[in-house]
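Chemist: Below is the sequence, then the predicted model.
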Amino acid sequence: MICPDIILKKIGTIRTPYKDVSSDVPIQGQFHPGSDGYIELLPGYHDACRDLDGFSHIILVYRFHLCTEEKTIARPYMDTEQRGIFSTRFPHRPNHIGISLVEVIGINAGIISVRDVDMVDGTPLLDIKSYVPRFDSVAAGKTIKTGWMTPYLSGQSEPSTTRTRSENEWSRNHR
């Protein structure tokens, strides 16, 4: 079966205080809560925010627009070992797509103010999904496995970092 090319379009731009990779960007907003940003939706999508103000959190789907290469193995920011790319949140993925859970602070005329941002300023936004705990988290009582991240998430080990570093250091350590 031949699949046609998949074409995604930008619906807006994510604005953050992090101007480039060297800006000490949190690798997950939950590690450094309180980082505020906002989303500028393109005019054709302003009405898509209707009823979104009833949600405390949203999932942003975006493109890692500064990534220029694709990797199958990489050392995640938190870890010291090389890992398969699909077991990480590393940006140099096959399609350079990222997701982040952010808190909604306010919505006004196509501007969505958010908290706990972890992306570089100017990131192209592809989609927004409302966060619904019943759909987006594992039900109570179910077994959750977090693979190589278990020691970091349980507090048994300290991650090597929870923020990006200078672009030179990042390039040197992630080849």
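Modeler: Arrived safely, thanks for sending. Numbering: from 1, shown residues only.
Chemist: Is residue 92 in a helix, a strand, or coil?
Modeler: Secondary structure state of residue 92, per DSSP: H, G, I helix; E, B strand; the rest coil, is coil.
Chemist: Residue 70 versus that one, what's the distance?
Modeler: According to C-beta to C-beta, to the nearest Å, residue 92 and residue 70 sit 6 Å apart. C-beta: built from backbone N, CA, C; applies to glycine.
Chemist: who has more neighbours, these two?
Modeler: The residue with more neighbours, out of residue 92 and residue 70, is residue 92; 16 against 11, by other C-beta atoms under 10 Å.
Chemist: Low-confidence ranges, the protein, go.
Modeler: 1-2, 23, 27, 29, 31-32, 146, 148-149, 152-153, 157-175 (pLDDT under 70).
Chemist: Work out the sheet partners of the longest strand along the chain and label each with its direction, please.
Modeler: Ranked by residue count under DSSP state E, the longest strand found in the chain is strand 97-108. Next to strand 97-108 in the sheet, as set by DSSP bridges, lie strand 57-63 (antiparallel), strand 111-115 (antiparallel).
Chemist: among those, which is nearest residue 75?
Modeler: Closest to residue 75 of the strands paired with strand 97-108 is strand 57-63 (C-beta to C-beta; 22.2 Å).
Chemist: Which residues does the closest one contact?
Modeler: Contact partners of strand 57-63, identified using C-beta atoms under 8 Å, 6 or more residues apart in numbering, comprise 8, 10, 14, 39, 52, 96-104, 112, 114, 119, 123-131, 136.
Chemist: same question, stretch 97-107
Modeler: For stretch 97-107, the external contacting residues (C-beta under 8 Å, 6+ apart) are 28-30, 36-37, 49, 52-53, 55-64, 89, 91, 112-119, 123, 126, 131.
Chemist: Give the buried subset of those residues as a ChimeraX selection command.
Modeler: Selecting only the buried entries of those in ChimeraX, with 16 or more other C-beta atoms under 10 Å as the criterion:
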select :29,37,49,57,58,60,61,62,63,64,89,91,112,113,114,115,116,117,118,119,123,126,131
